[in-house]
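# mind looking at a prediction? Sequence and model below.
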Amino acid sequence: MSKEESGSVRFPKEGELLGEVIQSLGYDRVKVRCEDNEIRICRIPGKFKKKEWLEEGAIVLVLPWYGMQEKTRGDILHIYKRQELKELEKAGYLKRLKG
């Protein structure tokens with residue numbers, strides 16, 4: 001049973017932010033507008049390469065680089081699938097991103 005089928009959704013923990021991909025920059029980097037209204041350039045880890053495709057508008061979980069360029073840089077921790085977005089919406093997390 002996959003993680004999505006088991007009903008467990010990766011909710012943001014302390015220090016993590018939801019974000020929306022606004023531009024692909026190439027070289028495993030994307031520009032993301034985070035829920036704190038900061039635009040960050042985020043790295044896409046190797047575990048997502050060729051398994052998950054990031055397009056503009058995708059919702060992702062971001063870990064800012066705390067202590068160094070935290071307002072401008074971060075890492076992608078999770079790429080949300082359609083079903084997971086429904087769960088985030090029910091829990092009220094997407095309101096933080098849009099509002």
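All right, it came through fine.
# element containing the closest residue to T72 other than its chain neighbours, please.
Once flanking residues are discounted, T72 sits nearest to R40: 5.9 Å by CB to CB, 6 or more residues apart in numbering. Where you see a C-beta, it was placed from the backbone N, CA and C, and this is true even at glycine. Assignment of secondary structure by DSSP states H and E places R40 within strand 39-43.
# strands of this structure, residue ranges please.
When secondary structure is read from DSSP state E, the chain shows strands at 17-26, 29-34, 39-43, 59-64, 73-79.
# pull the CA atoms of the second one into PDB?
Output for strand 29-34, consisting of C-alpha atoms alone and laid out as PDB, is shown next (Å, rounded to 0.1, in the frame of the first residue of the first chain):
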ATOM      1  CA  ARG A  29      16.000  24.500  -9.200                       C
ATOM      2  CA  VAL A  30      12.600  26.100  -9.100                       C
ATOM      3  CA  LYS A  31      11.300  29.400  -7.900                       C
ATOM      4  CA  VAL A  32       8.600  29.000  -5.200                       C
ATOM      5  CA  ARG A  33       6.200  31.500  -3.600                       C
ATOM      6  CA  CYS A  34       6.000  30.400   0.000                       C
END
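# outside of that strand, which residues touch it?
Among residues not part of strand 29-34, those counted as contacts by CB atoms under 8 Å, 6 or more residues apart in numbering are 17-25, 39-44, 54, 60, 62, 64, 74, 76.
# quick one, it and strand 59-64 angle?
With axes from the mean of the first three to the mean of the last three CA atoms, to 10 degrees as the basis, strand 29-34 and strand 59-64 are set at 90 degrees to each other.
# ok, now the longest one?
Here the directions of strand 17-26 and strand 59-64 differ by 90 degrees (the same axes, to 10 degrees).
# give the rounded mean pLDDT of strand 17-26.
On average, the pLDDT along strand 17-26 is 94.
# now do stretch 72-86
Mean pLDDT, computed over stretch 72-86, is 94.
# in it, what counts as buried?
Burial within stretch 72-86, assessed by neighbour count using 16 or more other CB atoms under 10 Å, is assigned to G74, D75, I76, L77, H78, I79, Y80, E84.
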